[in-house]
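> Could you work out the structure for the sequence below:
(chains A and B)
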Amino acid sequence: MCSLALFPPPLPNGQTTLCESNNELLSGNKEDTQNASPLSLHFPRESLKLHSRTESSSKAAFLDHSETLWMRSAAAWRDGGLTGLLNEITDSDSEVPKWLSVGSGCILALLRWISSFHSSLFPHLTLSCEDMIAEFSQVLNWSDCVVRAFAWHPHTDKFAVALLDESIKIYNPKSTTTPTLKHRLQRNVAAMQWKPLCASALAVACQNCLLVWHVDPCSLSTRPSSSCAQVLSHPGHGPVTSIAWSPSGALLLSASPMDTSMMVWDVAAESCVPLQRVGGGGVTFLSWSPDGSHVLASTPSALFRVWETRMWTCERWPCLKGRCQSGCWSPDGSRLLFAVEGETVIYALTFAGAPGVSTSSLTGPQAAAVVADLSETTFHTEDGDLIVGGEIQSLSWDPRGERLAVLLKGDPQATNRPAIIAVFKTRTSPIFELLPCGFVQGEPGVEPRLMQFHPNFQHGALLTVCWSSGRITHVPFYFLSSAVPHVALSGSPSLLHPLERPADFANQSLFTELIS
Amino acid sequence: MFSAGSGYWFTQKVLCWRAAASIAWSVLLLPATTAAFVVLSKFSILHPVRMLADCASVLVSAGSVFSFILLTGVIIMVGFLTFEYYTVIPMIACSKVALLGRLLHPRQLLYCLAHGLMGVVVGWCCAVTIGYRYETLGSVCPKTDGDGPAHMCLNEHHLLLLLEGGFVGLSHGLLGVIHNMNYVSFGTVQQHKYLCFKGSLPLAVKCSAAQAFYSVRNFLVFYFFLGHIPRAWICRSLSLHLDSSAHPLDTISGLLDLSLLYHLWISAAYLLFSWCITLLLFRIFVTEAYSFPVQSTFTEEAPQCLPKVLSEKQPMILKFLALQDLSLLSQHSPSRRSQVFSLSQPGGHAHNWNAISKECLSLLAELTQRLVSYHETVATNGRTKSLSSSSEQKTSSESSGTEDSMSSRPAFLMKTPASVFLRSMGAGPQSPLTSPFTPDLDSPFASPTLRRLTAPLDPGSPWHGSVQSPHVMRRAPKLWSTSTDSQVNGSPPASPASLPSPKPESSRPSFLAQFFQNRREQLPEASSQALFADSQAHIWALEGLSYLVQASFTEDQFGVVQTTLPSILSSMLLLQEAVDRHFKLPHASSKPVRSPVSLGDSSHKTLRFALRATLKTAIYRITSTFGAHLHAVQMSAEHRKRLQHFLEYKE
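Below is the predicted model:
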């Protein structure tokens, strides 16, 4: 089942994908893309004012001021906890009694030894904060990315962009003001999501906490004060790499690879309920099914969980090879597609009880089915051979369940193996089917880093891609939806009427449930 | 416990069983906690073998079996007290005086004293279990003068543990009253009981250890200064002698004994932890979701069906559980939703939906009314103007005074959060704002006038509901100054109802009254909290209604929801307006101070924010479902404008 070979070949050099129309992807050269969409943005790396100096290096600008040992110990305790205090005592051995410094040094060594055991069990714990976010983020090569996170508003046409300089900008085509959100705690933004059924609330996953911004859509202020942000923090819960609002807008989930429990936040009360299960060593990625009934929670180990949101019980799904890198839900919440690190295939799980599922699978899935094989395929183009395929960085399914975008990692060392977005046509009813659609490519030498579908695009699907150059483009897929648009109705079964497809796709079908 | 009302079956069949199950589980957990306590109390790193042997011998000895039986009794008593005192609507004291009044209420005093007594019992059990020098109260005095009759001497270590148990128990009771420890809040997410318990266990350990630390610190201060009084009293009453050779413990050197401090702390932590577990289990068991049938084929089961239960007033937890069930069924259960939307078999009336929506809408209307009247009462600085309703009432004649002052704040008097006292008093509507000492009417501070004022109001009276006649509104509460209103009436304003000696000849408040007035106004945010004290019910009502309306778009075959859609929308929008206005008050939008880890549930402090968020989400849920169809719904122009904002996602 080598799927990529059935794809139309990638575009020649210099061409970029513009849109899909009449069942084929149209492309154009650079001039066409410049004025493609008014919402296309460009953030050149040079335009961002980055922190040239870290906070620790700014110490050098101040005179050395000797505080008493007590003051320093208190500060160390506040900043670094027990280890910080022990470090401070060990370092200032000239001021403390010999036995104390030696003792604290011994305790420190013992602590490190114990924690090394722990981290040999879970190697990701040794990573630094930024490396950890980069490792588990849905964004390709996060640390080097100008646009670090992107979020469409679920109901309107506005979106938020988190930039490398720790600021968030909100763009709204209907208004000229672009609010810029900055907060002292807003560092290393890994993910953002707007609250559903709300106009203003934006949740931001930061290094040490979660921020929930309340940006009044009618306000003309371009710099909302930091009092508009709620800070949700819990000791030991950071860096936060993934967040997910429940589709009903009532709860917010957050996950950190350092914390074995997943937090369920009641944002209004700023209180949280930790949900903890044995195994995994952290939670890296969360995805709430659009009907609100299930949540995918992947861990840094070869294990992921699917939570049921009524009583919050979970199913364990051990993977064979690596951790679950990414996943996405079908619009009716009955089907989960996921990708595993180290493998080049997409798996599918079908969940019972959700509407639109045949009765044969009511017992629940026993094993995941492979629905697509994205192993490396060589295309012969006029610019030479181009290798496409490999591991999957992220998956994204459009809200109608008709297009599936897959961001393939590629190989940064090899020039002929770039990261690329492969788009499938999908059908979920009456049977699940995958058909090839094409590749979405940008300007030469520019890689896609991050992608997201517009939540309610009227004429089909709209894929927003953030590129490594700092450009954000939108690729529309125009098609007549075979489904009655019930996007706003989460929880209700969407009435799907299969549309007649062109006959030539029938024999190109990559996956149908009939053959599996 | 309750009069044989309509909610009686629930208390009998469900609540009592839940309470009994929670107590049974806490008794079952007691051996584990006790074993942990024994191990920790005998802990010595240098002699591990001896420690284990000690522990084993203690655990099988007769004394420990007896103390274990005593402890079981204590746990059952604690569980019973929790069951008797729990409340789903927190008592919020609007002022320091009110808090004091609540503490001095006989019912609460009884609660604290009972905890103190049980603390002494637990202290004795701890002393017996730890053994060593703590074991008995009296011991034979060491012979000092060679030969003489052997005297019994007081063992001060034992006394210290007993007093400590009593002190910790008493302070636990007092803190419980102050921090609303008896308030039972419903969880954010539904979880199975075991997982819920497992999840909150670490918090219980942390809290009880920290609380034990503070309690022991306070106790040591107490004992250092006042320790000689109970010691002398015990010696006198039991004719024990003070051991002159032993070092007295109420000195700095006597108390600076690490092993003694450790034992004090560990026994306090043990006491608090076992009680915490009982409380925690009770909360978990009693708030477990209960599924009421939507309709029943048998008429005798009709009072147990959801539409009927929703309109119940007593017990309060029944109403809360019914609303929670409504919210859950509207989200998760299509089959039960279809029962809600169904028509009655002969007749074809939508009785279920009508009853449910009517109850929810009346809840929302009542909150709106409460907010509107509060807004009219407060001055712009966010403080209540005065309790002029009570003072005015004194001035007016007996017949009209009651009515007038009541009508000036109709909503408060009628529909205020019920409290723990309601369970014993019946549905006495009380106001958190009108009375200076909070709803606590039995308090010795409450004057007879106040009691009369807030006496249960006949629902049939013309003042029931929203009374806003201009005549009534003219008598809006005034700050108690030389108000023209009262002068016209011929008598000066009185001081707060509690003060027995207002000087009628002076129109200025007395010094004491001023002092009380100042005390009264110290907690400005509390009045806002008190307004929303029972808002969990409103949150569920909003959720239930909005989910049902959303589901009706596809599931309602007979269009039963359509007929009520205009009133649902208008009551939500009215509430939205009232809530928006309330949050413009100075103290309403300030966040409560984050309390450090404590077992008292502080979720009631943020209920108003939760209500605001839920309300917006509920309106958005309806607008996003119906979209442009809402233009066909009849409503006033102002509401339409407001709804348009929601349709455009601009709220």
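> C-alpha only now, for contacts and for neighbours.
Fine.
> who in the stretch 201-350 of chain B is up against chain A?
Residues of the stretch 201-350 of chain B that fall close to chain A, judged by Cα under 8 Å from any Cα of the partner chain: B:His332.
> And the residue of the stretch 201-350 of chain B that's closest to chain A?
Nearest to chain A, among the residues of the stretch 201-350 of chain B, is B:His332, at 7.5 Å (Cα to the nearest Cα).
> The most centrally placed residue in chain A: what's it in contact with?
Closest to where the C-alpha atoms of chain A average out (Cα atoms, centre = their mean) is A:Gln138, at 3.5 Å. Contact analysis of A:Gln138 by Cα atoms under 8 Å, 6 or more residues apart in numbering or on different chains lists A:325-326, A:393-394, A:450.
> Local confidence estimate at it?
Reading off the confidence values, A:Gln138 has pLDDT 91.
> how many neighbours does residue 11 have?
Because you didn't say which chain, this covers chain A. Neighbour count for A:Leu11, taken as other Cα atoms under 10 Å in any protein chain shown: 19.
> other chain: chain B
Neighbour tally, B:Thr11, other Cα under 10 Å: 18.
> from memory A:Leu85 sits against A:Leu69, does it?
No - here A:Leu85 does not reach A:Leu69: they are 10.7 Å apart, not a contact under Cα atoms under 8 Å.
> So for these two, which sits in the more crowded spot?
Ranked by neighbour count (other Cα under 10 Å), A:Leu85 and A:Leu69 place A:Leu85 first, with 21 against 14.
> Name the SS class of the residue nearest to the centre of chain A, please.
Put simply, A:Gln138 is coil when judged by DSSP: H, G, I helix; E, B strand; the rest coil.
> again with B:Leu174
Classified using three-state DSSP, B:Leu174 is helix.
> Kindly report the residues of chain B close to chain A.
Residues of chain B lying near chain A by Cα under 8 Å from any Cα: B:188-192, B:199, B:332, B:550-551, B:554, B:603, B:606-607, B:609-610, B:613-614, B:616-617, B:620-621, B:624-625, B:649-651.
> Sketch out the strands for chain B, chain order is fine.
B:138-140, B:152-154 (DSSP state E).
> for the lengthiest helix in chain B, packing partners?
If you go by DSSP state H, chain B has its longest helix at helix B:193-226. Judged by 3 or more Cα pairs under 8 Å, 6 or more residues apart in numbering or on different chains; DSSP states H and E, the packing partners of helix B:193-226 are strand A:271-276, helix B:156-178, helix B:258-286.
> returning to what we had before: grab the two from the contacts of A:Gln138 that are most spread out in space.
Farthest pair in the contacts of A:Gln138 (Cα to Cα) is A:Gln325 and A:Leu450. Separation: 14.1 Å.
> which residues touch the residue of the stretch 201-350 of chain B closest to chain A?
B:His332 sits next to A:Arg310 when contact means Cα under 8 Å, 6+ apart.
> The same query, at a cut-off of 10 Å, please.
Residues in contact with B:His332, defined by Cα atoms under 10 Å, 6 or more residues apart in numbering or on different chains, are A:292-293, A:309-310, A:491, B:547.
> before we move on, back to that, in a markdown table: the strands of chain B, plus mean pLDDT.
What follows is the strands of chain B, written out as a markdown table (pLDDT from 0 to 100):
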| stretch | mean pLDDT |
| --- | --- |
| strand B:138-140 | 74 |
| strand B:152-154 | 77 |
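> Adding distance to A:Thr344 and mean neighbour count, write these out as TSV.
Listed next are these as TSV, based on distance: least, Cα to Cα, whole Å; neighbours: other Cα atoms under 10 Å in any protein chain shown:
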stretch	distance to A:Thr344	mean neighbour count
strand B:138-140	79	17
strand B:152-154	80	21
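> Switch those over to TSV; also include distance to B:Ser373.
Formatted as TSV, the strands of chain B follow (distance: least, Cα to Cα, whole Å):
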stretch	distance to B:Ser373
strand B:138-140	64
strand B:152-154	63
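> still on that earlier bit, can you lay out the contacts of B:His332 as CSV showing distance to B:Thr297?
Formatted as CSV, the contacts of B:His332 follow (distance: Cα to Cα, whole Å):
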residue, distance to B:Thr297
A:Gly292, 33
A:Ser293, 31
A:Thr309, 32
A:Arg310, 28
A:Gly491, 29
B:Tyr547, 26
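> biggest separation within those, which pair?
Pairwise distances across the contacts of B:His332 (Cα to Cα) peak at 16.3 Å, for the pair A:Thr309 and B:Tyr547.
> what residue ranges in chain A are flagged as low confidence?
For chain A, the stretches with pLDDT under 70 are A:1-2, A:30-39, A:49-66, A:80, A:352-366, A:482-516.
> Okay, the nearest residue to A:Cys129 once chain neighbours are set aside and B:Ala204: tell me how far apart.
Distances taken as Cα to Cα, 6 or more residues apart in numbering or on different chains put A:Pro239 closest to A:Cys129, at 6.4 Å, once the chain neighbours are dropped. Note on A:Pro239: its distance to B:Ala204, by Cα to Cα, to the nearest Å, is 27 Å.
> ditto for A:Phe136
From A:Phe136 over to B:Ala204 (counting by Cα to Cα), the distance is 33 Å.
> Repeat that for B:Gly166.
Computed as Cα to Cα, the B:Gly166 to B:Ala204 distance reads 21 Å.
> higher neighbour count, the two?
Legend: neighbour count by other Cα under 10 Å for B:Gly166 and B:Ala204, higher for B:Gly166 (26 against 22).
> picking that back up, adding distance to B:Phe320 as columns, could you present the helices and strands packed on helix B:193-226 in JSON lines?
Shown next, in JSON lines, are the helices and strands packed on helix B:193-226 (distance: least, Cα to Cα, whole Å):
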{"stretch": "strand A:271-276", "distance to B:Phe320": "21"}
{"stretch": "helix B:156-178", "distance to B:Phe320": "22"}
{"stretch": "helix B:258-286", "distance to B:Phe320": "11"}
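> out of those, which comes closest to B:Tyr223?
helix B:156-178 (8.4 Å).
> Check which helices and strands the closest one is in contact with.
Contacts defined by 3 or more Cα pairs under 10 Å, 6 or more residues apart in numbering or on different chains; DSSP states H and E place helix B:156-178 against helix B:96-103, helix B:106-130, strand B:138-140, helix B:193-226, helix B:228-238, helix B:258-286.
> Return the angle between stretch directions for it and helix B:193-226.
Between helix B:156-178 and helix B:193-226, the angle comes out at 120 degrees (axes from the mean of the first three to the mean of the last three Cα atoms, to 10 degrees).
> Name the helix or strand for A:Val406, please.
strand A:403-408 (DSSP states H and E).
> Beyond that strand, next helix or strand please.
According to DSSP H and E, the helix or strand after strand A:403-408 is strand A:420-427.
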